[in-house]
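1. what follows is a predicted structure for the sequence shown.
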Amino acid sequence: MPVKRSSRKRKSTKRANSGAAVRRGVPRRRRDPVVTRKKLIEAALDEFSTQGFYGTDTNKIARAAGFTPGTFYVHFADKHEIFETCYLQVLADLREEGTKKIRAKLGDSREVASATFSLILQYHRRWGDFLTDVKTLATCDENIGRLYNEQQSLLIQLLGRLRSGVSGGKPNREEDALMYFMLERTCSAIASGESKGLKLRNRTMIGLLEEVYHGHLLGKSMLGKK
């Protein structure tokens, strides 16, 4: 005799099939590509800052952002592309914050000098490890090297325009570049702890460099010429 299937089981299966049909009928919510891209960049910055460029891969970045690995390639071609995008984002944030903090102080050259130094120091304290990777890769990767040089050139131009805004004088590219390198290198040494290791007094170094930078803002040549 054939065995009858339980009616209860049939009902259960019917309900399951019905539920599956309902689920199939509900359209999946589409992700906002702008939000997804932003989350990937944020996750990548965190991964690059803590694990370094060579310790990070696209799968880690995607999972850290809360997505499947395949989602990464919808927005970026590879790890190099998102690394470059992260660098541009860090610099864009620096310029935006600098515009807000420094523009309001243009009437006081000493305040401008202090605010600029503080901003660059904060930038190195937050992104020091990431920036070290950028500089390292710039020496061996042609695309990153080109991007790095372009962005450094823009920062030097910004410093020159700031000097013109304070003193009214014309920018001097070589002096502006020298001042930029002094600011960046000193801030990097303080942020990384290098100056502490050399038993240097950070407060004294900051005071000295702010004084030099203040003179630069006023249009005083580093060579002692007007």
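-> Perfect, I can see it now.

2. what residues are up against the most centrally placed residue in the chain?
-> The centre of the chain sits closest to Val90, judged by C-alpha atoms, centre = their mean, with a distance of 2.2 Å. Residues near Val90 by C-beta atoms under 8 Å, 6 or more residues apart in numbering: 45, 123, 127, 130-131. To be clear about C-beta, it is placed using only N, CA and C from the backbone, and glycine gets the same treatment.

3. now do the domain split for the chain, please.
-> 31-76, 79-217 (automatic domain parsing).

4. switch these over to CSV; also include mean pLDDT.
-> Below are the domains of the chain laid out as CSV (pLDDT from 0 to 100):
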stretch, mean pLDDT
domain 31-76, 95
domain 79-217, 94
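
5. hmm, back to that, name the helix or strand for the residue nearest to the centre of the chain, please.
-> Assessed by DSSP states H and E, Val90 sits inside helix 79-103.

6. how far off centre is that helix?
-> Relative to its chain's centre, helix 79-103 lies at 5 Å (C-alpha atoms, centre = their mean, to the nearest Å).

7. and the next helix-or-strand element following it, what other elements does it pack with?
-> Counting by DSSP H and E, the next helix or strand C-terminal to helix 79-103 is helix 109-138. Using 3 or more C-beta pairs under 8 Å, 6 or more residues apart in numbering; DSSP states H and E, the elements in contact with helix 109-138 are helix 33-51, helix 79-103, helix 142-167, helix 173-192, helix 202-217.

8. helix 109-138 to helix 202-217, inter-axis angle?
-> If you take axes from the mean of the first three to the mean of the last three C-alpha atoms, to 10 degrees, helix 109-138 sits at 100 degrees to helix 202-217.

9. which parts of helix 109-138 are buried?
-> The neighbour-count check on helix 109-138 (16 or more other C-beta atoms under 10 Å) flags 109, 112-117, 119-121, 123-124, 127-128, 130-131, 133-134, 137-138 as buried.

10. same thing with stretch 63-83?
-> 64-65, 67, 71-72, 75-76, 79, 82-83.

11. can you add distance to Arg30 and give those residues back as CSV?
-> Below are the buried residues of stretch 63-83 laid out as CSV (distance: C-beta to C-beta, whole Å):
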residue, distance to Arg30
Ala64, 22
Ala65, 17
Phe67, 14
Thr71, 12
Phe72, 17
His75, 14
Phe76, 19
Lys79, 26
Ile82, 22
Phe83, 27
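
12. so which of those residues belong to helices?
-> 64-65, 71-72, 75, 79, 82-83 (DSSP state H).

13. I'd guessed Gly160 sits against Leu178; true?
-> No - in this structure, Gly160 is not within contact of Leu178 by C-beta atoms under 8 Å, at 11.5 Å.

14. who's more crowded, these two?
-> The neighbour count for Gly160 versus Leu178, taken as other C-beta atoms under 10 Å, is higher for Gly160 (20 against 14).

15. what sits against that one?
-> The contact partners of Gly160, by C-beta under 8 Å, 6+ apart, come to 171-173, 176.

16. now do Ser188
-> Under the criterion of C-beta under 8 Å, 6+ apart, the neighbours of Ser188 are 124, 128, 131, 194.

17. which of the residues you listed sit farthest apart?
-> Leu131 and Glu194 (13.7 Å; C-beta to C-beta).
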